[in-house]
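Peer 1: turn this into a structure:
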Amino acid sequence: MRMLVLSVLATLLAWFAAPPPHALAQQAAVKREMVVDRKAVIATVEPVHELAARARIPGTVTNLIVKEGDQVTDGQRIATVVDQKLLYQMQALAGRIQAQQAERDQALIDYQRTLELRRSGVSSQSQLDQARTRLDVAERTLQALRSDRQVIEQQAAEGAVLAPGAGRVLKLPVQEGSVVLAGDTIATMATKNYILRLQLPERHARFIRAGDTILVGERGLSAVQDLEELRRGKVVLVYPEIDQGRVIADVQVEGLGDYFVGERTRVYIATGTRPALVIPGGYLYRRYGVDYVRLADGTEVVVQPGLPVEDGIEILAGLKPGDVVAKP
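Peer 2: Down below sits the predicted model:
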């Protein structure tokens, strides 16, 4: 009986001492593998296209509707340019049109009178032809004056400066009362689509290609160690010219609409591969500003983490290949 009790106790002790199946699943072996070598560089937020709203007629800016930072839509009125000479020309042309209308009316009356006299045999055919010619000239002249008025009205309507596209106003080089010429810039706008523009040293030119994936840190220039906080971007264009030892590339990233144009942020680009010690994400924890990992036997080890990689986090110091770490 005593032997049976001891056997049961030994079985229970062994069962409690053995780690549960889920604990074994929370362990990982530290191994050396080839990872993408990423370098931290600074990228600048730039608009895909920068548009300029220009004056179409010379004149004076009388109504400036927008200010720096405003969002505008395609075709929205930004400012109004007024040329006082157009108003004077309109007034003078209105007087000429009234005079020509009176002349046309008189020519019509003369033609109708001459036509009646011709029917009665009093007037000759040449007099009738002359009256018809005077009426035609008066009507053509009146039509030409009305066309001139339409031209001036169109010129006055072109004083409205419209946004060439939807975007955000960056600069307003003029103010109300400024005198501008045709073609002068009234406002500079950035389209809604923003990109990150990289300027990399020439030695990195052979590594970067269109379609490559880069990692984008949090807004600002602070370093980020958590892989979950890094967004992905895609290289859409690598310019085929090296300018002053720099290769320029454009990166498309979602969610740059609230950034300032010209704002800088930290990104990580691939510059080749190298061997590194890697542990899966979630095995590293931080206490009192120090990074730790827990070994399978329960020992806590101080480690120095590196940059996030595709399969986890790089460990620079504190572990060696073959160590088994447990998830805290």
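
Peer 1: mind naming the longest helix for the protein?
Peer 2: Taking DSSP state H as the criterion, the chain has its longest helix at helix 84-120.

Peer 1: so which elements touch that one?
Peer 2: Packing partners of helix 84-120 (3 or more Cβ pairs under 8 Å, 6 or more residues apart in numbering; DSSP states H and E): helix 125-157. Backbone N, C-alpha and C define where each C-beta goes, glycine included.

Peer 1: buried set for the helix it packs on?
Peer 2: L128, A131, R134, L135, A138, L142, L145, R149, I152, Q155, A156 (16 or more other Cβ atoms under 10 Å).

Peer 1: could you check how far the nearest residue to D184 once chain neighbours are set aside is from E153?
Peer 2: Nearest residue to D184, sequence neighbours excluded (Cβ to Cβ, 6 or more residues apart in numbering): A55, at 5.0 Å. A55 sits 18 Å away from E153 when distances are taken as Cβ to Cβ, to the nearest Å.

Peer 1: tell me how far L86 lies from E153.
Peer 2: For L86, the distance to E153 - Cβ to Cβ - is 9 Å.

Peer 1: again, but for K234
Peer 2: K234 sits 50 Å away from E153, going by Cβ to Cβ.

Peer 1: low-confidence stretches in the stretch 101-250 of the chain?
Peer 2: 220-229 (pLDDT under 70).

Peer 1: which ones are touching the closest residue to A296 other than its chain neighbours?
Peer 2: Distance criterion Cβ to Cβ, 6+ apart; nearest residue to A296, sequence neighbours excluded, is V324 at 4.0 Å. Neighbour list for V324: Q27, A28, A29, V30, L295, A296 [criterion: Cβ atoms under 8 Å, 6 or more residues apart in numbering].

Peer 1: of the residues you listed, closest to L108?
Peer 2: Distances from L108 to the contacts of V324, taken as Cβ to Cβ, are shortest for A28 (102.3 Å).

Peer 1: who does the strand or helix carrying that closest one pair up with?
Peer 2: Counting by DSSP states H and E, the element that carries A28 is strand 27-29. Sheet pairing of strand 27-29 (DSSP bridges) gives strand 324-326 (antiparallel).

Peer 1: thanks again, I'm all set now.
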